[in-house]
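> I would like the atomic coordinates for the input below:
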Amino acid sequence: MSYQVLARKWRPHDFDSMVGQEHVVAALRHALDENRLHHAYLFTGTRGVGKTTLSRILAKSLNCTGEDGTGGVTSSPCGKCAACRAIDEGRFVDYIEIDAASNRSVEEMTTLLERAMYAPTQARYKVYMIDEVHMLTTHAFNAMLKTLEEPPEYVKFILATTDPQKVPVTVLSRCLQFNLKNMAPTAIADHMARIMQQEGFQFEPAALRLLANGARGSMRDGLSLLDQAIAFSSGNVTLESVRHMLGVIDSDVLIELMQTVLDGDAAAAFRIADEMGMRSLSYTQAIRDLAGVLHRVAIAQRVPESLPADDPEVQGIKKLALQMTPDEVQLDYQIALQARNDMAMAPDEYAGFTMAILRMLAFKPAGNIRAGSVPERGVVPPKPVQPAAVPVQQAQKPVQIAKPALAVNEPPVDLVEPEFVEPDFNDLPPWEDGGGER
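Residues are numbered from 1 along each chain as shown. The predicted model follows:
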């Protein structure tokens, strides 16, 4: 028999085995138990979080007949009746999975809706699962609106998409929408540990945590990485083998690198960067991991009890948290994020990574003087300028405005307006009044 990958072999077959989507499972369970069944469901979420798996479990719940063949709609499908086994094996005639990326035209949607008018052949409900529904054309969406709003009582639609923003509002309003969350790294690592125990492989918990972080919230991606790690390490999944497989730098090296930055030792920091290049490690991944180290340092400063006790790097993280100020952690974290964005525009990865280290060495928060720190070679810190001391009495004495001084024995100017005197024209000489001798 051919090998079956872990993501398919360990796909959940009922609601009890679902991991990380409790809010969706609870809503579907209550609807099935109370027989409050909607005619259209929409599952949204990133890749590998359980959209197709939930669709198949819901189809089994709607069509399960029980081991004795007399069962009805249930939230706990038996997995042994003909309908359950046929859906698990992908050969149930009344459960139709359609890829909207390949069947996106209005003609294909019209053909599908015409077939939906016929009653199911073997099942209680005919279930149509349209994956990546946002890939349908506008005309195809318009063609399915009427059937999606008022389908026959024996037809159920399940739509799935990774980009709900591209789904028209007219379609969203006709569906019950369930948003599936990204999987937490802890949940992925715990599920991996159960699978490894069932498969009989040896593993280190730290290696599974590293794989879970690399999954980026997707259970399917995590199990694919686990498959690769098992093959790479010959069945013994260790932390060192996983780091070598993923090209991830050891956190101890990053902690040592941050220590050289704190000490102001640029030469030691460049030696570490050169060693990373000799090991063919990715500088882009290294700057991302360095931001992760600074994030853990910030958490250790504020919420130290949240750090896991079994983390091998916890002592180094706590040491950095004691040596760095919160302002310095935030500044270095922002430099790492900016360097990650600028990596594509840098001359090469080495230049982008080392320039980020030089920025951390150059920029320090104002007034950040660390105990035992050594100033850089050739740099003399400027002396603080003290303001000149001003006597208190002189500073508080009011300023007097000088008045212009008057000349000696000079009487003050009288500003009283003089009295007007009317002239007497009878005293004028005769030639001035225009008379003269007549």
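> hey, let's count contacts and neighbours off CA atoms from now on
Will do.
> any residues touching stretch 252-260, and which ones?
Identification of contacts with stretch 252-260 by C-alpha atoms under 8 Å, 6 or more residues apart in numbering yields Ala266, Ala268, Ala269, Ile272, Asp289, Leu290, Val293, Glu313, Gly316, Ile317, Leu320.
> and Tyr128, that one's in a helix?
No: secondary structure of Tyr128 (DSSP: H, G, I helix; E, B strand; the rest coil): strand, not part of a helix.
> From Asn236, how far out is it?
42 Å (C-alpha to C-alpha, to the nearest Å).
> for Met355, same thing?
Taking C-alpha to C-alpha, one finds Met355 at 38 Å from Asn236.
> any idea of the mean pLDDT for stretch 18-30?
The average pLDDT within stretch 18-30 is 92.
> just how off-centre is that stretch within its chain?
Put simply, stretch 18-30 sits 23 Å off its chain's centre (C-alpha atoms, centre = their mean, to the nearest Å).
> With stretch 289-308 instead?
17 Å.
> Using PDB, write down the CA coordinates of that stretch.
Only the C-alpha atoms of stretch 289-308 are listed here, as PDB (Å, rounded to 0.1, in the frame of the first residue of the first chain):
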ATOM      1  CA  ASP A 289      14.200  35.400  14.400                       C
ATOM      2  CA  LEU A 290      16.100  38.300  16.000                       C
ATOM      3  CA  ALA A 291      12.800  40.300  16.100                       C
ATOM      4  CA  GLY A 292      11.300  37.200  17.800                       C
ATOM      5  CA  VAL A 293      14.000  37.300  20.400                       C
ATOM      6  CA  LEU A 294      13.400  40.900  21.200                       C
ATOM      7  CA  HIS A 295       9.700  40.300  21.400                       C
ATOM      8  CA  ARG A 296      10.400  37.600  24.100                       C
ATOM      9  CA  VAL A 297      12.700  40.000  25.900                       C
ATOM     10  CA  ALA A 298       9.900  42.600  26.000                       C
ATOM     11  CA  ILE A 299       7.500  40.000  27.400                       C
ATOM     12  CA  ALA A 300      10.100  39.000  30.000                       C
ATOM     13  CA  GLN A 301      10.300  42.600  31.200                       C
ATOM     14  CA  ARG A 302       6.600  43.000  31.600                       C
ATOM     15  CA  VAL A 303       5.200  39.500  32.200                       C
ATOM     16  CA  PRO A 304       8.100  37.300  33.200                       C
ATOM     17  CA  GLU A 305       5.900  34.500  34.500                       C
ATOM     18  CA  SER A 306       4.500  33.900  31.000                       C
ATOM     19  CA  LEU A 307       7.700  32.400  29.700                       C
ATOM     20  CA  PRO A 308       7.600  28.600  29.500                       C
END
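> List the buried residues for it?
289-294, 296-301, 304 (16 or more other C-alpha atoms under 10 Å).
> which secondary structure elements does the longest helix belonging to the chain contact?
In terms of residue count, the longest helix belonging to the chain (DSSP state H) is helix 283-302. With contacts taken as 3 or more C-alpha pairs under 8 Å, 6 or more residues apart in numbering; DSSP states H and E, helix 283-302 sits against helix 251-263, helix 314-323, helix 326-342, helix 349-362.
> give me that answer again for 10 Å
Helix 283-302 sits against helix 251-263, helix 266-278, helix 314-323, helix 326-342, helix 349-362, with contacts defined as 3 or more C-alpha pairs under 10 Å, 6 or more residues apart in numbering; DSSP states H and E.
> export those to TSV and tack on mean neighbour count?
Compiled in TSV, the helices and strands packed on helix 283-302 are given as follows (neighbours: other C-alpha atoms under 10 Å):
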stretch	mean neighbour count
helix 251-263	19
helix 266-278	15
helix 314-323	17
helix 326-342	18
helix 349-362	18
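> Kindly present these as a markdown table, with separate columns for distance to Leu28.
What follows is the helices and strands packed on helix 283-302, written out as a markdown table (distance: least, C-alpha to C-alpha, whole Å):
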| stretch | distance to Leu28 |
| --- | --- |
| helix 251-263 | 42 |
| helix 266-278 | 50 |
| helix 314-323 | 41 |
| helix 326-342 | 40 |
| helix 349-362 | 48 |
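> Spit out the contact partners of the closest residue to Cys78 other than its chain neighbours.
Residue nearest to Cys78 in three dimensions, not counting chain neighbours: Gly66, with 5.8 Å by C-alpha to C-alpha, 6 or more residues apart in numbering. Counting by C-alpha atoms under 10 Å, 6 or more residues apart in numbering, Gly66 touches Gly72, Val73, Thr74, Ser76, Pro77, Cys78, Gly79, Lys80, Cys81, Ala82, Ala83, Cys84.
> Output these in a markdown table, with neighbour count and pLDDT appended to each entry.
Formatted as a markdown table, those follow (neighbours: other C-alpha atoms under 10 Å; pLDDT from 0 to 100):
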| residue | neighbour count | pLDDT |
| --- | --- | --- |
| Gly72 | 14 | 89 |
| Val73 | 21 | 92 |
| Thr74 | 21 | 93 |
| Ser76 | 19 | 92 |
| Pro77 | 26 | 93 |
| Cys78 | 19 | 91 |
| Gly79 | 21 | 89 |
| Lys80 | 14 | 90 |
| Cys81 | 18 | 91 |
| Ala82 | 17 | 91 |
| Ala83 | 28 | 92 |
| Cys84 | 25 | 93 |
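> just checking, Thr170 touches Leu145?
Yes: Thr170 lies in contact with Leu145 (C-alpha atoms under 10 Å); the separation is 7.5 Å.
> So what's the residue count around the residue lying closest to Asp221 once chain neighbours are set aside?
Leaving out its chain neighbours, the residue that sits closest to Asp221 by C-alpha to C-alpha, 6+ apart is Ala215, at 5.1 Å. Using other C-alpha atoms under 10 Å, Ala215 has 23 other residues around it.
> need the strands for the protein, in chain order.
For the chain, the strands defined by DSSP state E cover 40-44, 95-99, 126-131, 155-161, 176-179, 202-203, 236-237.
> Run through the residues that contact the nearest residue to Cys81 once chain neighbours are set aside.
What sits nearest to Cys81 in space, not counting adjacent residues and going by C-alpha to C-alpha, 6+ apart, is Glu67, at 5.3 Å. By C-alpha under 10 Å, 6+ apart, Glu67 lies in contact with Pro77, Cys78, Gly79, Lys80, Cys81, Ala82.
> Please flag which of those residues sit within helices.
Ala82.
> re earlier: farthest-separated two in the contacts of stretch 252-260?
Ala266 and Glu313 (23.3 Å; C-alpha to C-alpha).
> residue contacts, Ser173?
Glu149.
> so how far is Arg115 from it?
Applying C-alpha to C-alpha to Ser173 and Arg115 gives a distance of 24 Å.
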